[in-house]
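Q: Please work out how this folds:
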Amino acid sequence: MDACKANTNGKLIRAAVAALACAATAAGALAAAPSADPPARPTAADVIKASKPSEWRALDPANTLYMELPSGRVVIELAPVFAPIHVANIKTLARENYFDGLAVIRSQDNYVAQWGDADEKNPRPFKTAKPKLKAEFTIPLKNDTQFTPLPDRDGYAPQVGHSNGFPSARDPKSGQAWLTHCYGMIGVGRDTDADSGGGSSLYAVTGHAPRHLDRNITVVGRVVGGMALLSTLPRGPAPMGFYEKPEQNVPIKSVRVAADLPEAERSKLEVMRTDSASYKAVVEAQRNRGGPWTKVAAGYIELCNASIPVREQK
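A: Residues are numbered from 1 along each chain as shown. As a prediction, the model looks like this:
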């Protein structure tokens, strides 16, 4: 009897082990099986196409610059809310023809394209514009009245979002707000002294967002048209992407304030309002991309990946 019981118990144990092995195999098969595609969702292009005319705004000619290069026009929207003194000085430089005949002197891979005066020994003289200004790295939080937050956390700032079409960040504890170094943003070149720049040397971010520069550089606007004319420039061979020879520099034909040109000569661009329902939908379309191509939706968007639509005016 004892032997029979032992034999029966052995059969039961072997059966249980076999059952567990089958269950483990089934679980492994399920884990290895591809999950279902995310549901189809509207794309950013779909949202843009369905947007209302009231969800777009035209560029302000008084705060728009045209930089004419041999290859075409670069359109820059200035941000006087965040750097009013520098913006005013840059417009003075443009109106005094300071940039005409200067050049793009630097194109550093995955970083910036910079323009200004390459002749350090005999620099171009200034007229009424100032060569140096007090830094405008941040502004009081209360001055930024058009901030629309993004839903996701950021590694560089307590809050990030957009302020009337510009990527921005803020810190409620310090009471400060600032523009961020996303692709296409325009910064003021300076030396070690924080107050050593005035806008006569500018750069555009042409690579991955160098957010470590935030609050260390005065940011004055962003490129809204002709960005490819800067991002595709030949890379400079010297350290930090500077061009070594004068013939490598890319000449600037002129820089003008749009308001100073006849209406017929102005670029007809408009920017999606970043406080609009459609822009919120554009952001969500990028946060959670639908199938069938997308297999895993991120459920997250980084500030500098939240592109701001720009189009020709209809």
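
Q: Pull the contacting residues for residue 311.
A: 48, 56, 269, 270 (CB atoms under 8 Å, 6 or more residues apart in numbering). From N, CA and C alone the C-beta is placed, and that goes for glycine too.

Q: how many neighbours does the first one have?
A: Using other CB atoms under 10 Å, residue 48 is surrounded by 19 other residues.

Q: Please report the number of neighbouring residues for the closest residue to it other than its chain neighbours.
A: Leaving aside its sequence neighbours, residue 48 sits nearest to residue 309 (CB to CB, 6 or more residues apart in numbering; 5.3 Å). For residue 309, the count of nearby residues is 20 (other CB under 10 Å).

Q: quick one on the thing from earlier: adding secondary structure, distance to residue 305 and pLDDT, write the contacts of residue 311 out as JSON lines.
A: As requested, those are exported to JSON lines (DSSP: H, G, I helix; E, B strand; the rest coil; distance: CB to CB, whole Å; pLDDT from 0 to 100):
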{"residue": "48", "secondary structure": "helix", "distance to residue 305": "16", "pLDDT": "97"}
{"residue": "56", "secondary structure": "strand", "distance to residue 305": "21", "pLDDT": "98"}
{"residue": "269", "secondary structure": "strand", "distance to residue 305": "22", "pLDDT": "98"}
{"residue": "270", "secondary structure": "strand", "distance to residue 305": "22", "pLDDT": "98"}
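
Q: Format those as a markdown table; extra columns: distance to residue 98.
A: Putting the contacts of residue 311 into a markdown table (distance: CB to CB, whole Å) gives the following:
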| residue | distance to residue 98 |
| --- | --- |
| 48 | 37 |
| 56 | 32 |
| 269 | 24 |
| 270 | 29 |
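
Q: is it true that the residue nearest to residue 48 touches residue 55?
A: No - applying CB atoms under 8 Å, one finds residue 309 not in contact with residue 55, separated by 9.7 Å.

Q: so for stretch 118-136, what's the average pLDDT?
A: Average pLDDT, stretch 118-136: 96.

Q: what's the span of that stretch, first residue to last?
A: 24 Å (CA to CA, to the nearest Å).

Q: Repeat that for stretch 94-109.
A: With CA to CA, one end of stretch 94-109 sits 27 Å from the other.

Q: those helices in the protein, which residues are they?
A: 2-32, 44-50, 84-95, 228-231, 277-287 (DSSP state H).

Q: Just give me the neighbour total for the nearest residue to residue 165 once chain neighbours are set aside.
A: Counting by CB to CB, 6+ apart, residue 271 is the residue found nearest to residue 165 once chain neighbours are left out, at 4.7 Å. Neighbourhood size, residue 271 [other CB under 10 Å]: 20.

Q: Tell me if I'm right that residue 271 and residue 313 touch.
A: No - counting by CB under 8 Å, residue 271 stays clear of residue 313, with 10.4 Å between them.

Q: buried residues in stretch 131-144?
A: Using 16 or more other CB atoms under 10 Å as the test for burial, stretch 131-144 gives 133, 135, 136, 137, 138, 139, 141, 144.
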